[in-house]
Each structure stands twice: as structure tokens, then as C-alpha cells.
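S.K.: coords please:
(one chain, ligands or ions: 1)
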Amino acid sequence: MSILITGATGTVGRHLVSALVDAGESVRALSRDPASAALPEAVEVVAGDLAAPAGLAPSIFDGVDRVFVFPAATVDHLVAGAVAVGVDRFVVMSSLAAAEEFPRDRGSASQVHHAAVEKAVTARSDNWTVLRPGTFADNLLSWAPSIAHGAPVRAPYLASAQAPIHAADVADAAAAALLSDDWTRQAIALSGPESLTRREQIAAIGAAIGAEITAEEITPEEFRTEAAAYVPEPVIAMLLDYWRDTVTEPDRVRSGVRDLTGKPGRTLAEWAAEHRSAFLPATTPAAGR
Ligand SMILES: NC(=O)c1ccc[n+]([C@@H]2O[C@H](COP(=O)([O-])OP(=O)(O)OC[C@H]3O[C@@H](n4cnc5c(N)ncnc54)[C@H](OP(=O)(O)O)[C@@H]3O)[C@@H](O)[C@H]2O)c1
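M.R.: All right, here's what the predicted structure looks like:
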């Protein structure tokens, strides 16, 4: 089978490409900059820009059976281009926010964006699978600079509980959906295998680096002020609503990863062990070398 992967150079995409290559599939990867894609040799890397109307040559779909849709700013050109040449099997990476399970989701930055991505596909094809992951474990890398400097983690709502998902589990679920016809016309929620408070998440990182990390609870307003320099306000609002709600209603563990892959998904302890170098102080080269 020949599969076109968009977002192939991203965190989920790299895991997905590896999973499909390991499964013996033929992979074509899209990147705006193929020269720096650094993907496995077996992968054919093609140039393309999802956001530009003329950014995708029709030839990128030659011989393609299935397409993985990364939720870029727009996916309309990709999906329309594929359908125009008869490729109509899509696996879409969306977000749990698109399910609008909670009042906080309606109109949130993530819900609005991912609902549009889903619609771009479901309005053009009946042969889709939508994956809706919740919060990524990789989001916790935002704590890396403080932890690496030995500073306390300053965060609001430390008693709130989420079920962060490893990017490799999103990828494994996507690979399973791409390689099967059992999941068409289904929107599948994905999460990590355990719901942990933010204090427990910090402790998992501490265990991975062999250090006790101090957590300092700050107010939502303090977070808003501190994050304003690097996070857009709609995203800050969405995060604060999410953490506030998951104090009283912790994130539920979803069965999607197990249903699709037959495995429960990687724990946060596994994720933290794999990413421990990000939380350790940078090593300085020895003097004179
Ligand atoms: N963080 C969360 O908690 C969460 C939860 C649910 C869903 N999500 C979704 O997951 C996404 C992040 O996934 P990730 O971590 O794998 O992404 P990532 O590491 O940021 O990678 C982004 C990928 O998108 C490609 N890309 C971006 N704009 C493009 C364009 N105009 N044309 C072609 N390719 C383009 C990039 O390819 P090139 O640079 O090679 O072109 C790259 O491969 C979020 O944006 C969100 O939609 C996130």
C-alpha cells in the first residue's frame, strides 16, 4: 500500500513514518523543506505547502492509496486535490476538543480549528477515520527550562488531572487506522493510559531525572501574565478552562489507543524517561577541548 503522510517531519509524523516503514508499507512524506526532512531512506519525500493554493502538485498523489491528514492551518487544498484524482481514504489527526464534550470546548481555539479540519475531509469523502487525541505529553516540555535550571515549576491548578498521550501512541493509532478498513466513518477519542494530577506529572518527571522538583501553585491571572509573551490569549484561555474543569472532573482515560493498537499506550513515566535529557541542565564542553 502507498500512503501519503502530511506533517511527516513533526513529532507525531516521524513516529508514524517509522511505524509504517517498519510495517513494510510504501511511504511518501510531504514537507515544505524536503532537504532538511531527515526521514528514513526508504521514504520518498516530496515538496509541498498545505497552506498555499498552488502548493501541492497533483503528482504527489500518483499511486497513493491513503492519506494521513495533519491538522495544518488549512487542509482544504490537500483533500480537494486528492479527491480530484480519485484518492478518498483519509485518516485525520484532529483533537478531542472537536468532540465538544464539554461546554468549555465550544468556540475554543482548538475546537474551531479542528472542527474545520474534520469538515474539510468529511464534506468531501465518506471514507475517513478521525482521531481525536487529548492533551499531548509533549506539552509538558514547557516545564523543561525551569526544571533544567533547578527552579520550581510555577503552574496553576496543580490538583487538576489529565491523561497525557505519548505522540508515538497517536502515531501507532494512526498507523492502525491507515492499514485497516475497520475504522471508517468513526471519530475515535485517544488519551494516555492514566489520569494524573499536575503534581503527579511533575513527580513523574522528577523520578525520571532523579531529582525532587518543587511545584509552586500560581493563580490563573499570574499564569496569564507570565505566558502572555509566548502563548496567544485564546490558547491561554483554553488551557485555563481545561485545567480548572479537570480539578473537579479529571480527564477520563479513553479506550481508543487500545482499541486500535491492542496496547494500552505508553505511561507518562515512560515518556519522561525518554525525554529526561530535556529536563537536565545542558552539559558544558570540558575546557580546552
Ligand atoms: N498539543 C496537544 O495537546 C494536541 C492535542 C490534540 C491535537 N493536537 C494537534 O497536533 C498538532 C501537533 O502535532 P505535532 O506535534 O506532530 O506537530 P509538529 O511537531 O509541530 O509538526 C508540524 C508538522 O506540520 C507540517 N506543516 C506545518 N505547516 C505546514 C504546511 N503549511 N504545509 C506542509 N506541512 C506543514 C510540518 O512539516 P514541514 O515543516 O516539514 O513542512 C511538520 O511536519 C497540533 O498542531 C494540533 O493540531 C495537539
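
S.K.: does the ligand sit close to stretch 248-263?
M.R.: No: with C-beta under 6 Å from any ligand atom as the criterion, the ligand is not reached by stretch 248-263; the gap is at least 11.6 Å. In this view, the C-beta of every residue, glycine as well, is placed from N, C-alpha and C.

S.K.: Counting neighbours, what do you get for residue 178?
M.R.: Using other C-beta atoms under 10 Å, residue 178 has 24 other residues around it.

S.K.: wait, residue 241
M.R.: Around residue 241 there are 16 other residues, counting by other C-beta under 10 Å.

S.K.: Who are the contact partners of it?
M.R.: Neighbouring residues of residue 241 by C-beta atoms under 8 Å, 6 or more residues apart in numbering: 104, 108.

S.K.: In contact with residue 108: list those residues for me.
M.R.: 97, 234, 237-238, 241.

S.K.: Any of the residues you listed buried? List them.
M.R.: By neighbour count, with 16 or more other C-beta atoms under 10 Å, the contacts of residue 108 hold 97, 237-238, 241 as buried.

S.K.: Any idea which residue of this structure lies closest to the ligand?
M.R.: Closest residue of the chain to the ligand, C-beta to the nearest ligand atom: residue 10 (2.3 Å).

S.K.: pretty sure that residue is touching residue 71, no?
M.R.: No: Residue 10 lies out of contact with residue 71 (C-beta atoms under 8 Å); the separation is 10.4 Å.

S.K.: Quick one: end-to-end length of stretch 224-233, please.
M.R.: Using C-alpha to C-alpha, to the nearest Å, the end-to-end distance of stretch 224-233 comes to 8 Å.

S.K.: for that stretch, which positions count as buried?
M.R.: For stretch 224-233, a neighbour-count test (16+ other C-beta under 10 Å) marks 224, 227, 231 as buried.

S.K.: Any chance you could list what contacts that stretch?
M.R.: For stretch 224-233, the external contacting residues (C-beta under 8 Å, 6+ apart) are 109, 154, 218, 236, 239-240.

S.K.: Restricted to helices, list the residues you listed.
M.R.: Using DSSP state H, 109, 236, 239-240 are the members of the contacts of stretch 224-233 that sit in helices.

S.K.: Now distance to residue 258 and neighbour count too, for the residues you listed, in CSV please.
M.R.: Shown next, in CSV, are the ones in helices among the contacts of stretch 224-233 (distance: C-beta to C-beta, whole Å; neighbours: other C-beta atoms under 10 Å):
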residue, distance to residue 258, neighbour count
109, 29, 17
236, 33, 18
239, 27, 22
240, 31, 18
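
S.K.: Can you tell me the SS state at residue 107?
M.R.: Following DSSP: H, G, I helix; E, B strand; the rest coil, the label given to residue 107 is coil.

S.K.: What ranges does the stretch 1-150 of the chain have for its helices?
M.R.: With DSSP state H, counting those that start in this stretch applied, the stretch 1-150 of the chain shows helices at 11-22, 76-84, 109-122, 144-148, listed in chain order.

S.K.: Show the secondary-structure elements that the longest one is packed against.
M.R.: Packing contacts for helix 109-122, counted by 3 or more C-beta pairs under 8 Å, 6 or more residues apart in numbering; DSSP states H and E, involve helix 76-84, strand 89-93, strand 127-133, helix 233-248.

S.K.: and those as JSON lines, adding mean pLDDT?
M.R.: As requested, the helices and strands packed on helix 109-122 are exported to JSON lines (pLDDT from 0 to 100):
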{"stretch": "helix 76-84", "mean pLDDT": "97"}
{"stretch": "strand 89-93", "mean pLDDT": "98"}
{"stretch": "strand 127-133", "mean pLDDT": "98"}
{"stretch": "helix 233-248", "mean pLDDT": "98"}
